[in-house]
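Colleague: my questions are about this predicted structure, shown below with the sequence.
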Amino acid sequence: MSFLRKQESCSIAGFRLALRCGRNDNNQYMKHMLLIFSHPDDESFSVGGTVARYAKDGWHIRLLVATNGEKGASSLYPGISEKALGLKRQEEVKRAAAVLGIEHVDFLEFPDLGLKDLTPGTLEDPIYASMKTFLPDIVITHDPTGITNHPDHTKVCYAATYAFQKYAAYLSNLQDKEQLTKGRGKLWRQEEYMRTFGDAQSLSKEPKLYYVCLPQRSVNFLLKEKQISEESFGKPWKGVPDKNITTVIDITSTQLIKGKALLCHETQAEEVDQFISFAQNPEVKQECFILRMQGIFEVYMGKTDRFANAL
């Protein structure tokens with residue numbers, strides 16, 4: 001896909017990021033990835049293989065979970081209270097995160113199935129604060145369909161997108177105003193030099209926002225095999241047209257790690273068992289994404305049939 005890119009020097013924020021980063025075995029400066037999802041288990045189902053792959057490469061990865069998933073039914077724990085289920089699901093996602101290589105999990109603890117009722121800014125503000133503190137190179141969240149049409153997924157998508165726009169503008173403004181003292185100018189040049197050890201995905205080429213998605217071809221296949229129902233949350237399943245997908249990550253090398261992470265979500269055993277037991281499930285071997293923004297620029301896809309194999 002033809003990505004919109006803007007070559008710029010690193011910002012002060014980018015320098016602060018480099019100071020916090022260690023080195024991996026290849027002597028490269030590690031980068032940051034922020035995952036923003038609605039419920040415990042979204043990280044494992046949606047991007048588990050990709051996360052494990054990037055964690056192996058030395059990325060610092062954090063997860064932000066909007067709700068505790070207390071409304072999620074659990075056949076293994078009949079009669080469990082919503083509060084107890086939410087706390088149990090918090091522990092499950094912490095274990096799954098450890099399996100995947102996620103270093104830290106933050107819980108916003110908003111009401112499950114209630115995100116659509118939050119006042120403007122209530123969800124967006126803590127997401128932006130997390131971005132500004134962590135300074136991610138890559139942010140991943142739900143696509144607008146939420147894959148399953150879950151209203152919480154859609155709300156998190158829009159909130160994360162708004163927060164990312166604000167975050168990208170924050171970084172851009174630091175550069176545009178050239179808020180550098182003479183001493184910091186020297187450090188900036190040092191950061192530019194250090195960034196040459198990184199790959200093309202460095203923050204110097206601006207942070208990226210990705211939507212994880214389910215291709216229409218996968219939806220069609222799963223419907224044909226009766227692995228999903230015709231509708232989800234009162235709406236027909238709607239996958240993303242293949243032409244709109246920008247990035248397909250091969251997760252065959254980390255699919256077992258993804259499976260182990262999924263098994264940590266024992267309260268959701270029925271969904272996990274169905275996902276894992278269906279050997280032909282296309283999402284077991286690959287995970288698909290849409291590059292939505294690069295820095296302050298929106299990315300409009302669908303003009304070609306090319307896609308990338310890395311974030």
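Modeller: Arrived safely.
Colleague: now for this structure, the helix or strand with the poorest mean pLDDT.
Modeller: helix 182-195 (a mean of 39; mean pLDDT, DSSP states H and E).
Colleague: next SSE downstream of it?
Modeller: strand 208-213 (DSSP states H and E).
Colleague: what residues does that following strand touch?
Modeller: 46-47, 137-145, 147, 157, 160-161, 164, 201, 239-240, 245, 247, 287-294, 311 (C-beta atoms under 8 Å, 6 or more residues apart in numbering). Where you see a C-beta, it was placed from the backbone N, CA and C, and this is true even at glycine.
Colleague: try it again at 6 Å.
Modeller: 46-47, 138-140, 143, 164, 240, 288-294 (C-beta atoms under 6 Å, 6 or more residues apart in numbering).
Colleague: out of those, which sit inside strands?
Modeller: If you go by DSSP state E, these have I138, V139, I140, C288, F289, I290, L291, R292, M293, Q294 in strands.
Colleague: who are the neighbours in contact with P144?
Modeller: By C-beta under 6 Å, 6+ apart, the contact set of P144 is T154, C157.
Colleague: how about a cut-off of 10 Å?
Modeller: H153, T154, C157, Y158, T161, Y211, C213, K238, V240, I290, R292 (C-beta atoms under 10 Å, 6 or more residues apart in numbering).
Colleague: SS state for the closest residue to T67 other than its chain neighbours?
Modeller: For T67, ignoring the flanking residues on the chain, the nearest one in space by C-beta to C-beta, 6 or more residues apart in numbering is D112 at 4.3 Å. Using DSSP: H, G, I helix; E, B strand; the rest coil, the structure places D112 in coil.
Colleague: same deal with I80?
Modeller: coil.
Colleague: that one against K71, yeah?
Modeller: No. Judged on C-beta atoms under 10 Å, I80 makes no contact with K71 at a distance of 11.9 Å.
Colleague: shared neighbours, these two?
Modeller: Common neighbours of I80 and K71 (C-beta under 10 Å, 6+ apart) are G86.
Colleague: next, the buried residues of stretch 123-134.
Modeller: The neighbour-count check on stretch 123-134 (16 or more other C-beta atoms under 10 Å) flags L123, E124, P126, I127, Y128, S130, M131, F134 as buried.
Colleague: what's near enough to touch the closest residue in space to the fifth one that isn't next to it in sequence?
Modeller: Excluding the flanking residues, the one nearest Y128 by C-beta to C-beta, 6+ apart is A163, at 4.0 Å. Applying C-beta under 10 Å, 6+ apart to A163 gives the contacts 36, 64, 123-132, 139, 141, 209.
Colleague: with T122 as the reference, measure out to A163.
Modeller: Distance, A163 to T122, by C-beta to C-beta, to the nearest Å: 12 Å.
Colleague: which residues are in contact with each of those two?
Modeller: Joint contacts of A163 and T122 (C-beta under 10 Å, 6+ apart) do not exist.
Colleague: need the helices for the chain, in chain order.
Modeller: Counting by DSSP state H, the chain has helices at residues 12-20, 42-56, 82-100, 124-134, 151-176, 182-195, 216-224, 255-263, 269-277.
Colleague: which one, of those helices, ends up nearest to S75?
Modeller: The closest of those to S75 is helix 269-277. By C-beta to C-beta, the value is 6.0 Å.
Colleague: next one: the closest one to chain centre, how far?
Modeller: 22 Å (C-alpha atoms, centre = their mean, to the nearest Å).
Colleague: now it: buried residues?
Modeller: For helix 269-277, a neighbour-count test (16+ other C-beta under 10 Å) marks V272, F275 as buried.
Colleague: contacts made by it with the rest, please.
Modeller: Against helix 269-277 from outside (C-beta under 10 Å, 6+ apart): 41, 44-45, 72-77, 227-228, 255, 258-259, 261-266, 268, 281, 283-284.
Colleague: swap the cut-off to 6 Å and go again
Modeller: S75, L76, G259, L262, H265.
Colleague: quick one: mean pLDDT for stretch 144-163?
Modeller: In this model, stretch 144-163 has a mean pLDDT of 97.
Colleague: distance check, the spatially most central residue of the chain against K208.
Modeller: Nearest residue to the geometric centre of the chain (C-alpha atoms, centre = their mean): I140, 2.4 Å. For I140, the distance to K208 equals 9 Å [C-beta to C-beta].
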